[in-house]
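> Task: produce atomic coordinates for the following.
(4 chains)
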Protein chains: 4
Amino acid sequence: MAFSVEQIRGALSDGLLSFPVTDFDANGKFNAETYKERLEAFIKHGVSSIFIAGGTGEFFSLDEEDFREIVEVSVATVKGRVPVIAAAGRSVKDASKFSNIAAEAGCDGILLMPPFLTECPEDGIVEYASQVMASADIQFVYYNRGNGILSAESVKELAARNPNMVGLKDGVGNIAALNDTIKTVGDRLVYIGGVPTAEIFAEAYLSIGVNTYSSAAYNFMPEMAMNFYKALRAGDKATTTKIIQDFFIPFCRLRDTKKGYAVSLIKAGVALQGMPAGDVRAPLTMPNEADLAALKAIIESNQ
Amino acid sequence: MAFSVEQIRGALSDGLLSFPVTDFDANGKFNAETYKERLEAFIKHGVSSIFIAGGTGEFFSLDEEDFREIVEVSVATVKGRVPVIAAAGRSVKDASKFSNIAAEAGCDGILLMPPFLTECPEDGIVEYASQVMASADIQFVYYNRGNGILSAESVKELAARNPNMVGLKDGVGNIAALNDTIKTVGDRLVYIGGVPTAEIFAEAYLSIGVNTYSSAAYNFMPEMAMNFYKALRAGDKATTTKIIQDFFIPFCRLRDTKKGYAVSLIKAGVALQGMPAGDVRAPLTMPNEADLAALKAIIESNQ
Amino acid sequence: MAFSVEQIRGALSDGLLSFPVTDFDANGKFNAETYKERLEAFIKHGVSSIFIAGGTGEFFSLDEEDFREIVEVSVATVKGRVPVIAAAGRSVKDASKFSNIAAEAGCDGILLMPPFLTECPEDGIVEYASQVMASADIQFVYYNRGNGILSAESVKELAARNPNMVGLKDGVGNIAALNDTIKTVGDRLVYIGGVPTAEIFAEAYLSIGVNTYSSAAYNFMPEMAMNFYKALRAGDKATTTKIIQDFFIPFCRLRDTKKGYAVSLIKAGVALQGMPAGDVRAPLTMPNEADLAALKAIIESNQ
Amino acid sequence: MAFSVEQIRGALSDGLLSFPVTDFDANGKFNAETYKERLEAFIKHGVSSIFIAGGTGEFFSLDEEDFREIVEVSVATVKGRVPVIAAAGRSVKDASKFSNIAAEAGCDGILLMPPFLTECPEDGIVEYASQVMASADIQFVYYNRGNGILSAESVKELAARNPNMVGLKDGVGNIAALNDTIKTVGDRLVYIGGVPTAEIFAEAYLSIGVNTYSSAAYNFMPEMAMNFYKALRAGDKATTTKIIQDFFIPFCRLRDTKKGYAVSLIKAGVALQGMPAGDVRAPLTMPNEADLAALKAIIESNQ
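Purely as a prediction, here's the structure:
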């Protein structure tokens, strides 16, 4: 851990958040060499923190061995230049184990995903997250998503019970519910936008106090993604509108043609841009030829 | 029709839109006398237009006879002070008939609801709406809602085919899709926020170019609703936040406890405020004692 | 009304139920002449009752004038050979009016659809349906569907309050909920299967006491549809399996490619079989050339 | 592995399938002693196979250490009297590891759950399941559920690619889709009913060729659950109807009052019956006092 809580909080609430894809080699194994280069490139473009092994990083397909290697390589590469946040989730036991692996490796925070598969009552989710947060000496962001969605009062309780809960990441995109949560819980937490391709939601997020979001597109369009973020924060509507029209609308429409493309297209994009990260692992699938061509055309008309 | 297209467009794009409840007497019949008083009160508080017989006005429970009386009384009462927009929908034939009744009575526009019950393909919805719009000499706002939801390209086509389509009202609350639509179709249309209790969405709407919305709460909290709208447009975050915290969050949570309460609580509210409009018609139900008491407490702490 | 309650009950609980499409002419108006021929053909093949102006008959696109003509022509054509059931719905006032038009024309029952558009609490739906059932001297089947879905205890209450409620038609296909309803309410009601293309559900329906269902395919494949029904009731698994494999599986897969095809393909089918009924009204759309060819191939390999 | 493929297939297609809860001690750790007694009791009542560490066994909250102990204890306790099937899932790597742990411990099969969290395209799910099935020398049942739902043609492809796929367990309850799958894939696979509290679905399952199902209620009502199964297979409608009315309807209604109760109420039930298994792990929650009393009343009126 290279940063104070206040520094982490600051990094998470102001500046673009980046979520690198996870590099695999031709045999589908984690490729530390190309991953290090990817992290270096990320930092160069000015992100405020790096979320490793997250959704865009195919967390759901990583095992303990993969995870350990990724967090160790990341901490060693980033060397305290920006906070490093790793994901955890699935069950109290597994999330606790992963959180401790990350903490011991020197990560600065955990992005806590929901439990695996089962339907969950809200009080059970609060208990799940609290047990995990109590198990490790590290800051936590809870990812409100999938089967683990908390409403405002539950978020409030979770924050009250866990001093090391620093933030909430929204993966739902329900503005009414999120507005209730933010105006109920207030600045006890930092709020992060986290729906897929969050730029399409960024203006609405900002309007209710979500100053930043996770940019997956930053993986293969770093300058454009950074320009968009800066224009957003500066209130430069002409620029944000143009980038949404030219890039994010065609990209999101392509993304919606097949499940899993929110991640698969990112891996396809980095390859098209000359920094291949290998193929996604099953159950994701790489885009077919026609979709690759469509992605290529979108990229080319935005460079 | 008392207004030019540009005046209607202006009224729909700047200023609070009001949706009066429909007054019924003790026998459940339309009560023109109390409805006239309601419309007078609405205008006094400064709304930019009045949408009659809409969702809050229980359009779904009105028949042709009710509708004809409502539009005639409304036009005669409002007397051209603000535009009067009436609802229509259900089928091409019924919506065309209602649109012509409203046009002949002197209304300024139609809020076109989706078809009844059936699932609809997007091209079929475009055809449904186009046939209705072609049938009457009046301006139309299409209400994107229920089984009649159009995506961006379909909205664009609908607007291109129908010169008398002036606006799109959103009843979905899907920010990504609405952002796509607005940035694709642009200022050819006026955009209106129309999810239930739209104030909880108002900041996000505004951030993507939806300058106004339908306020149901205006029925029983007109000053607060107007203050909220003015603060929103003035960028007075402290005021909008406080009103959302004090009124809209508890109100929305009460609303979510029973289906149909988005309308039923409005009718209960006007009665609590001394301007009763009778009971809602089935399939809606009036709130029970406990919910009435909760509503009363919310009102009292916001006056 | 040509039948006693017991006769209607008997017809609805044993024998195939038929739902003719509604004939429109080249101008989109109701075509009484071809509709009469269609009804004659229906009766010849041995259905136990005829549901006119129902979902397959595009009830959602018919106005009062259409409806009146359809019920009058139907009663005059069927002449008491089998019960004639007409649809109603949308609001208490409209459903009551349509129910009385049908009763006065001599129909034997009403299939009551849910209210238009609005979300409804269960007690409000019970009230809606009860007010309609009290308004007309005719037997009612409630169609559990869309925004008007009742759970077991609500169905029980609706039946207890309305002696002229004779049946429940399922349009949901939730076996657990329907099983609860049937085993809770028992033989006070007749149960009818009513999901789209109900034959794909027919074995499961029968297993929990739903002896019959609405066959839309009967419109253009009457012999096959009747053979299927007889095989089902006779426990002839080889025949039902073969017809599902050869016809209903490819048909349902084609149906699922576009919203509204559950009805549109039926109108396309009757035209392919030489008994055209005109085009569907918007918001439905006729199949394109490729889908028509696919439908034609399915028909030809099953004749 | 104590059984041939044909014996496993036979056990899975005829006879009641049992899913024991997983015993935890006061510290939340796996309790092998009471678990052994539970397995003995299960076998005594005549089940045809035992599915360990499945959904009712809180698979989603077990880690590798728990899992290894459970499979080893189970194989050692059951001693080849009936097939032992263990769950696996979450990712290709984790599911492959768990499958091999189970195979090496002597289990007879794997119930393969879907991937963790991510949305998945169907071809990606087929690839996920195929990679897992290829990784271990053991028979597999695929559990069609959650984010991993396959339609008929994908099930057919999965079965064609993997000779050691013996069955499909349905966790969706969509009769139309399941009927399509069964009539398309045929007896290449064994079909198992697997919606929560599957008895409420059992008649419908049987009607389309699903001869058996997973009984969670068997955990605390073994005689009743076995009587129900025997009556179902014997066509004794009076008995199945009575048990559904007296037990499963009130139980399912209680279950539906809180998320996760499909499992939590089973653990509460075994404690009420004198064979406590400890509390569920978070994110599940034990029933509150009122719900416990309701469960107790349901049990008592059915013994």
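> could you pull out the strands for the stretch 51-200 of chain A?
Per DSSP state E, counting those that start in this stretch, the stretch 51-200 of chain A has strands spanning A:84-90, A:109-115, A:139-144, A:165-170, A:190-193. These are given in chain order.
> Nearest to chain B, out of those?
Closest to chain B of the strands of the stretch 51-200 of chain A is strand A:190-193 (Cβ to the nearest Cβ; 10.5 Å). C-beta here means a position set from N, CA and C on the backbone, and glycine is covered the same way.
> what lines up beside the closest one in the sheet?
strand A:165-170 (parallel), strand A:212-215 (parallel) (DSSP bridges).
> residues in contact with the residue lying closest to residue A:199 once chain neighbours are set aside?
Spatial nearest neighbour of residue A:199, chain neighbours left out: residue A:248 (5.1 Å); criterion: Cβ to Cβ, 6 or more residues apart in numbering or on different chains. Contacts for residue A:248 (Cβ atoms under 8 Å, 6 or more residues apart in numbering or on different chains) come out as A:197, A:199-200, A:217.
> Distance of residue A:248 relative to residue D:126?
31 Å (Cβ to Cβ, to the nearest Å).
> before we move on, the earlier item: okay if I get the strands paired with strand A:190-193 as TSV plus mean pLDDT, distance to residue A:227 and mean neighbour count?
Shown next, in TSV, are those (pLDDT from 0 to 100; distance: least, Cβ to Cβ, whole Å; neighbours: other Cβ atoms under 10 Å in any protein chain shown):
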stretch	mean pLDDT	distance to residue A:227	mean neighbour count
strand A:165-170	98	23	25
strand A:212-215	94	11	25
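> right, so of the ones you listed, which gets closest to residue C:3?
Closest to residue C:3 of those is strand A:165-170 (Cβ to Cβ; 59.1 Å).
> where's that closest one relative to the chain centroid, distance-wise?
From the chain centre to the centre of strand A:165-170 is a distance of 12 Å (Cα atoms, centre = their mean, to the nearest Å).
> And for stretch A:133-153?
With Cα atoms, centre = their mean, you get 14 Å for stretch A:133-153.
> With stretch A:186-202 instead?
Centroid separation for stretch A:186-202 versus its chain: 10 Å, with Cα atoms, centre = their mean.
> re earlier: could you report the pLDDT at the residue nearest to residue A:199?
Residue A:248 carries a pLDDT value of 98.
> you'd agree it is in a strand?
No - looking at residue A:248 with DSSP: H, G, I helix; E, B strand; the rest coil, it is helix, so not inside a strand.
> Distance-wise, check it relative to chain C.
27 Å (Cβ to the nearest Cβ, to the nearest Å).
> try residue A:161
Distance from residue A:161 to chain C, by Cβ to the nearest Cβ: 35 Å.
> Also residue A:91?
Residue A:91 is 28 Å from chain C, by Cβ to the nearest Cβ.
> Identify the residues contacting that residue.
Per Cβ under 8 Å, 6+ apart, neighbours of residue A:91: A:115-116, D:60-63, D:281.
> go again using 10 Å as the cut-off
By Cβ atoms under 10 Å, 6 or more residues apart in numbering or on different chains, residue A:91 lies in contact with A:97, A:115-118, A:128, A:131-132, D:58-63, D:66, D:90, D:116, D:281-283.
> from the residues you listed, which are also near chain B?
Among these, not one lies near chain B by Cβ under 10 Å from any Cβ of the partner chain.
> Alright, calling it a day.
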